[in-house]
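S.K.: Structure, please.
(one chain, ligands or ions: 2)
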Amino acid sequence: MAEASTQVDRPSGEPGRTDIAARDPEGLGALAVEHGQPAYRARQMVAWLYGRLVRSFDEMTDLPGALRAALEDRFWLTHPEMVDIQRSSDGTRKYLWRLADGVLVESVGIPTDERLTVCFSTQAGCAMRCSFCATGRGGFVRDLLPGEMAWQVALVAQDFGLRASGAVAMGQGEPFNAYEATLGGLRLMNHPHGLGIGARHLTVSTSGVVPGIDRLAREPEQFTLAVSLHSAVQDTRDRLMPGVRRWQLPRLREALVSYAERTGRRPTLEYALIAGENDTPAEVDALVAFARGWLCHVNLIPVNPVTGAQTARPAEAKVAEVAAALRRAGVEATVRVERGADIDAACGQLTQRHRDEDV
Ligand code: SAH
Ligand code: SF4
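M.R.: Ligands and ions are numbered 1, 2, ... in the order given. The predicted structure is shown next:
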């Protein structure tokens, strides 16, 4: 990809200039070549932009002056601005960013021992309308640019004073609805001169956009895949996740099985347990049937109730019972430990609610 498909216009308008954050490593290489420079200049640009987090092209002192001037002419370089930060008693921090065009998105930093995982957004809002998800309720605003994703992770790490050891595309947005940009963002994070995060520690979570799963299986990097299943009964899933109705369960399973076979990697099936909805014996049987017999891992998440959605968490004993049923059938299963609940930073709680507020 040379440039992400989303072009972000600044309301202030800077005719002829675009956002440098639209360029992934390959796009930065193409840019160097356009200006008569060797492609390896991309490494230097990635290092300055995402490794050292410079705020102007002037600071890229090992680039030839003519290239720096050309960059200045053609692009703007504007970091997401941190407009709010909330700290949980467990160390988790939730960030609200204002992007170059004024759009607001959230990310979450989750420290464990000396490690830091950053949950970043791939879109502002989301078009998938999952009934239990706060992001889905706010509607879709726009795709983020690769650099806007990498900057969320780099700036959160900077705020913690730690290196990000992993990043997950589990903030706002459906990553496979912004496939090119998301892959570009992951490549900036994976780049040894960017954030240097190993591909296996970079996770994409999809609501089940099958063409994206097929595409990811053919990428050269070993990125990790998670799929939000939430029900293996078609009617229930259609109701909970109307945005992925067109990829029915047998097709989803087929795509996942061939992903696992082709890559040798184990996808995670995310399953948010909602009392009386997807934790009944029939639902658990369907989940077991979906997950058994191939390389996968089920992650059970007691649902986080969001305002306006009719969702309640099952009792802890129920969660343990579902996990036990899966293990009896030979399916690997874990129960997610919740982080950041006191600041609404847990799964599915990132919203656009600040959008119309004066932050
Ligand atoms: N759009 C992608 C990634 C972002 S959502 C996806 O849906 O996979 C990250 C995870 O949070 C998904 O597994 C999503 O289903 C889950 N989630 C959303 N709302 C939730 C809620 N209220 N409680 C628990 N998990 C939720
Ligand atoms: Fe979008 Fe994921 Fe939320 Fe569904 S769960 S609305 S796909 S962010």
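S.K.: contacts, neighbours, all on C-alpha from now
M.R.: Fine.
S.K.: quick one: Gly308 is in a strand?
M.R.: No: counting by DSSP: H, G, I helix; E, B strand; the rest coil, one finds Gly308 to be coil, located in no strand.
S.K.: what about it, neighbour count?
M.R.: For Gly308, the neighbour count with other C-alpha atoms under 10 Å is 10.
S.K.: Count the residues that sit near the residue of the stretch 51-200 of the chain found nearest ligand 2.
M.R.: Relative to ligand 2, the nearest point of the stretch 51-200 of the chain is Gly136 (3.4 Å; C-alpha to the nearest ligand atom). By other C-alpha under 10 Å, the residues close to Gly136 number 25.
S.K.: For the residue nearest to Arg251 when sequence neighbours are not counted, give its distance to Gly184.
M.R.: Distances taken as C-alpha to C-alpha, 6 or more residues apart in numbering put Val210 closest to Arg251, at 7.7 Å, once the chain neighbours are dropped. According to C-alpha to C-alpha, to the nearest Å, Val210 and Gly184 sit 19 Å apart.
S.K.: could you measure the residue nearest the centre of the chain against Thr236, distance?
M.R.: Residue closest to the average C-alpha location in the chain (C-alpha atoms, centre = their mean): Ala169, at 1.4 Å. Ala169 sits 25 Å away from Thr236, taking C-alpha to C-alpha as the criterion.
S.K.: The residue of the stretch 51-200 of the chain closest to ligand 2 belongs to a helix, doesn't it?
M.R.: Yes: assessed by three-state DSSP, Gly136 belongs to a helix.
S.K.: returning to that earlier point: determine which member of Val210 and Gly184 has the greater number of neighbouring residues.
M.R.: Gly184 (27 against 21).
S.K.: and the more buried one, what does it touch?
M.R.: Met1, Arg23, Asp24, Pro25, Pro146, Gly147 (C-alpha atoms under 8 Å, 6 or more residues apart in numbering).
S.K.: show me what contacts Arg253?
M.R.: Contacts of Arg253 by C-alpha under 8 Å, 6+ apart are Phe290.
S.K.: Figure out the length between the terminal residues of stretch 293-304.
M.R.: Start-to-end, stretch 293-304 (C-alpha to C-alpha) is 30 Å.
S.K.: which residue packs closest to Pro38, ignoring adjacent ones?
M.R.: Setting aside the residues directly before and after it, Pro38 is nearest to Ala32 in space (C-alpha to C-alpha, 6+ apart), at 6.3 Å.
S.K.: Now that we're looking at the one you found, what pLDDT does it have?
M.R.: On the pLDDT scale, Ala32 is placed at 96.
S.K.: hang on, isn't it packed against Met45?
M.R.: No: Ala32 is beyond contact range of Met45, at 9.3 Å (criterion: C-alpha atoms under 8 Å).
S.K.: which among the contacts of Gly184 gets closest to ligand 1?
M.R.: The closest of those, once distances to ligand 1 are taken by C-alpha to the nearest ligand atom, is Pro146, at 16.1 Å.
S.K.: Excluding sequence neighbours, find me the nearest residue to the closest one.
M.R.: Gly185 (3.8 Å).
S.K.: Can you verify the one you found is assigned to a helix?
M.R.: Yes: when classified by three-state DSSP, Gly185 is found to be part of a helix.
S.K.: Show me which residues of the chain sit near ligand 1.
M.R.: 132-133, 170-174, 205-207, 227-228, 270, 272, 301, 303-306, 347-348 (C-alpha under 6 Å from any ligand atom).
S.K.: Among those residues, which ones lie close to ligand 2?
M.R.: Within the residues of the chain next to ligand 1, those near ligand 2 by C-alpha under 6 Å from any ligand atom are Cys133, Gln172, Gly173, Glu174, Ser207, Gly348.
S.K.: Tell me the buried residues within these.
M.R.: Neighbour counting by 16 or more other C-alpha atoms under 10 Å classes Cys133, Gln172, Gly173, Glu174, Ser207, Gly348 among those as buried.
S.K.: Confirm for me that the second one is in contact with Cys347.
M.R.: No: between Gln172 and Cys347 there is no contact under C-alpha under 8 Å: 9.7 Å.
S.K.: Let me see the contact set for the residue in the stretch 251-359 of the chain that ligand 1 sits nearest to.
M.R.: Nearest residue of the stretch 251-359 of the chain to ligand 1, counting by C-alpha to the nearest ligand atom: Gly348, 3.1 Å away. By C-alpha under 8 Å, 6+ apart, the contact set of Gly348 is Phe132, Cys133, Ala134, Thr135, Gly171, Gln172, Asn304.
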